[in-house]
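Novice: I would like the atomic coordinates for the input below:
(chains A, B, C and D)
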There are 2 protein chains.
Amino acid sequence: MDYPKSQACKTCDNCNEKSHIFSLLSQEELLVLNKDRFEVMFEPGQVIIKQGAPATHFVSLTMGMAKLYLEGFDRKKLILEIVKPWKLFGGPGVFTDMRYHYSISALTETASCFIPAENVKHLIRTNHAFAEAMIVHGSINGSKNFERLLSLTQKQMPGRLADVILYLANEVYQSNSFSLSITRQEIGELSNMTKESATRILKDLENEQIIKIDGKGIEILKLEALKDISLRG
Amino acid sequence: MDYPKSQACKTCDNCNEKSHIFSLLSQEELLVLNKDRFEVMFEPGQVIIKQGAPATHFVSLTMGMAKLYLEGFDRKKLILEIVKPWKLFGGPGVFTDMRYHYSISALTETASCFIPAENVKHLIRTNHAFAEAMIVHGSINGSKNFERLLSLTQKQMPGRLADVILYLANEVYQSNSFSLSITRQEIGELSNMTKESATRILKDLENEQIIKIDGKGIEILKLEALKDISLRG
DNA sequence: TCAATAAATTGATATTTCACAACTTTTTGA
DNA sequence: TCAAAAAGTTGTGAAATATCAATTTATTGA
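Specialist: Predicted coordinates for the structure are as follows:
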């Protein structure tokens, strides 16, 4: 199998430019992180973090794209996020029962940096600003989950799908025209509907000329109309 | 109107026995909290914390019972928790955009202690153990929200209602036989269904002899059967 | 390159859930 | 205490969504 050349970070130094939360650390503290961390490459489909497994490390994507999802009942998944480089994961689990509370698996060729949980906890105990940043980080995730709860429980399928398209455009691909790296099945897992419903409602949006679909490609034609559908539920 | 005698705490001292998170504070630190805090009584129905309003204070219930809920679309509510004394609220908002991200309103006569956000933030910056406890606190809430997301999105009504009954029995009333302080409407808002559906499914559970209903009273007759319904979804 | 596999689409049908209306029971406040 | 309001119940029909099956299209690995 052709593995790509490892793009492993040589040191944590430049991470404080890329991963916001590390910019609060001194050179000395970055050295502590650097000591035990290691980087691993993942093929598409491979599991980076497994829900239920021991949460021994924080994980940060350094290359590629992955999906973060909850494993529910009957193998049903709920995707919470499409993950791109420089966000830190370890989630609630590292601070509670030492088990990961979600899974992350690679969508593309992906590199991840694994940092022992203890090293990060040590920083929390010794660096006030870093501890506060972790609280803020957790709070932002918390409020996003509130929005998700409302979208998923109170909106009907067109509203939920509009939310997902807007999320992909604004937060993932950062463009109103993008080529999906996820399947219809995964769009369904983001918006809590079956892949058949996802297909149908995408087509409805295309028929109303609100979006343009070309296989994996999606282009938002009428942003306001899409936002309107998101609001109306 | 007959107001009950205020049961205001005289000092924060005894709070470190009641509110777990304050047990990490020294006498000196408790004095800081004590200085600016104040207590307010609320009648049933009154709003203690309003979603969207400026998040200037942390709030802790000291007496009574309240509901914590998200205000969604078309006035629809999603109740996240039935709140009892000695838990701390301020939620994600105090650490992000300084707006509350949920509402809390009194179900019974309720007393709440308001603590200026700055005083708590000060403690976070000066007391490592307290900061870590806040991270753990936020992480526990985070993982509860994951469970809620799964229950609400992947289970059908009987499973969701079973989850709510088990939640009420285990976490709120701490007994398998209890008298509800909430309405059928609010049971619906906890389990994301209409009050009519809540009524019907409660009656189904009673017909199957899994629970016994007497107006506001609920008794769990077959705990295992109820857990089974919760699992099967 | 091509068969095998996975993904996407489409239609028909079944299930779940809601909305509305009518009615009964309980609670509340003057 | 009693009338008004709120909460709870029940039935019916409609809407939303899932399931299943069949088919087409795209992707992948030998």
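
Novice: would you mind identifying the next helix or strand past the helix or strand where A:Glu118 lies?
Specialist: Following DSSP states H and E, one finds A:Glu118 within helix A:117-126. Following helix A:117-126 in sequence order, the next helix or strand is helix A:128-154 (DSSP H and E).

Novice: helix or strand right after that next one?
Specialist: Next in sequence after helix A:128-154, counting helices and strands by DSSP H and E, comes helix A:157-167.

Novice: could you confirm whether that following helix reaches DNA strand C?
Specialist: No. On the criterion C-beta under 7 Å from any atom of the strand, helix A:157-167 is out of touch with DNA strand C, staying 12.0 Å away. (Each C-beta comes from the backbone N, C-alpha and C, glycine too.)

Novice: contact partners of that helix?
Specialist: Residues outside helix A:157-167 that contact it (C-beta atoms under 8 Å, 6 or more residues apart in numbering or on different chains) are A:151-152, A:155, A:187, A:190-193, A:197-198, A:201-202, A:204-205, A:211, A:218, A:220, A:226-227, A:229-233.

Novice: the nearest residue to A:Lys50 once chain neighbours are set aside: what's it in contact with?
Specialist: Once flanking residues are discounted, A:Lys50 sits nearest to A:Ser103: 5.4 Å by C-beta to C-beta, 6 or more residues apart in numbering or on different chains. Taking C-beta under 8 Å, 6+ apart, we find A:Ser103 in contact with A:Val47, A:Ile49, A:Lys50, A:Gln51, A:Leu68, A:Tyr69, A:Leu70, A:Glu71.

Novice: now do the same end-to-end measure for stretch A:22-33.
Specialist: 10 Å (C-alpha to C-alpha, to the nearest Å).

Novice: show me how chain A divides into domains.
Specialist: Annotated domains of chain A cover A:15-152, A:155-232 [automatic domain parsing].

Novice: all the strands of chain A, in order from the start?
Specialist: A:38-42, A:47-49, A:57-63, A:66-71, A:77-83, A:88-89, A:103-106, A:110-116, A:177-179, A:211-214, A:217-220 (DSSP state E).

Novice: next, format those strands as JSON lines and append distance to DNA strand C and mean pLDDT.
Specialist: Listed next are these as JSON lines, based on distance: least, C-beta to the nearest atom of the strand, whole Å; pLDDT from 0 to 100:
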{"stretch": "strand A:38-42", "distance to DNA strand C": "16", "mean pLDDT": "94"}
{"stretch": "strand A:47-49", "distance to DNA strand C": "15", "mean pLDDT": "97"}
{"stretch": "strand A:57-63", "distance to DNA strand C": "21", "mean pLDDT": "96"}
{"stretch": "strand A:66-71", "distance to DNA strand C": "12", "mean pLDDT": "98"}
{"stretch": "strand A:77-83", "distance to DNA strand C": "13", "mean pLDDT": "98"}
{"stretch": "strand A:88-89", "distance to DNA strand C": "24", "mean pLDDT": "95"}
{"stretch": "strand A:103-106", "distance to DNA strand C": "12", "mean pLDDT": "97"}
{"stretch": "strand A:110-116", "distance to DNA strand C": "17", "mean pLDDT": "96"}
{"stretch": "strand A:177-179", "distance to DNA strand C": "11", "mean pLDDT": "97"}
{"stretch": "strand A:211-214", "distance to DNA strand C": "6", "mean pLDDT": "96"}
{"stretch": "strand A:217-220", "distance to DNA strand C": "11", "mean pLDDT": "98"}
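
Novice: mind putting those strands in a markdown table, distance to B:Asn141 included?
Specialist: Formatted as a markdown table, the strands of chain A follow (distance: least, C-beta to C-beta, whole Å):
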| stretch | distance to B:Asn141 |
| --- | --- |
| strand A:38-42 | 30 |
| strand A:47-49 | 20 |
| strand A:57-63 | 19 |
| strand A:66-71 | 16 |
| strand A:77-83 | 16 |
| strand A:88-89 | 17 |
| strand A:103-106 | 20 |
| strand A:110-116 | 24 |
| strand A:177-179 | 33 |
| strand A:211-214 | 36 |
| strand A:217-220 | 34 |
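
Novice: among the ones you listed, which comes closest to DNA strand D?
Specialist: Among those, strand A:211-214 comes nearest to DNA strand D, with 8.9 Å by C-beta to the nearest atom of the strand.

Novice: in stretch A:30-42, what counts as buried?
Specialist: A:Leu30, A:Val32, A:Leu33, A:Asn34, A:Arg37, A:Glu39, A:Met41, A:Phe42 (16 or more other C-beta atoms under 10 Å in any protein chain shown).
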